[in-house]
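Asker: Quick one: sequence and predicted model below, then my questions.
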Amino acid sequence: MSPTQRTLAKLRAEGWLPAVVEKWNPHARIRQDLYGFIDLVALKDGETLAIQACAGSSLSARVKKITDHENLPAVRKAGWRIEVWAWRKLKSGWEPKIVDLS
């Protein structure tokens, strides 16, 4: 199961309405994130949550990617919560380490 699939499942279990906004660009042969750093958007009770989902080993690279991105101030100004969910396997099962960059 991919980090995106794990994130979708957890969000749904918590009552969020999630959507994948990362798209495959066949011409460039790359995945393109919404606004350059968002894989998923989720809605719940008037709140918008933007998530970058990744493997646990990629956490620091994803945080740097977002904090350095030119679109971060606009997403923050829109009032969206911005998080990185880095999935890692623990003895108790798969859990995300969540870093809030809002």
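Answerer: Alright, I've got the coordinates.
Asker: Let me know how buried A86 is, in neighbour terms.
Answerer: Applying other Cβ atoms under 10 Å, we find 23 residues neighbouring A86. Every residue, glycine included, has its C-beta placed from N, CA and C.
Asker: What strand or helix carries it?
Answerer: When elements are assigned from DSSP states H and E, A86 belongs to strand 81-90.
Asker: Pairing partners for that strand, with directions?
Answerer: Applying DSSP bridges to the sheet, strand 81-90 is found paired with strand 47-55 (parallel), strand 93-100 (antiparallel).
Asker: what residues does the last one touch?
Answerer: Contacts of strand 93-100 with the rest of the structure, by Cβ atoms under 8 Å, 6 or more residues apart in numbering, involve 1, 6-7, 10, 53, 56, 59, 63, 81-88.
Asker: buried set for that strand?
Answerer: By neighbour count with 16 or more other Cβ atoms under 10 Å, strand 93-100 contains the buried residues 96, 99.
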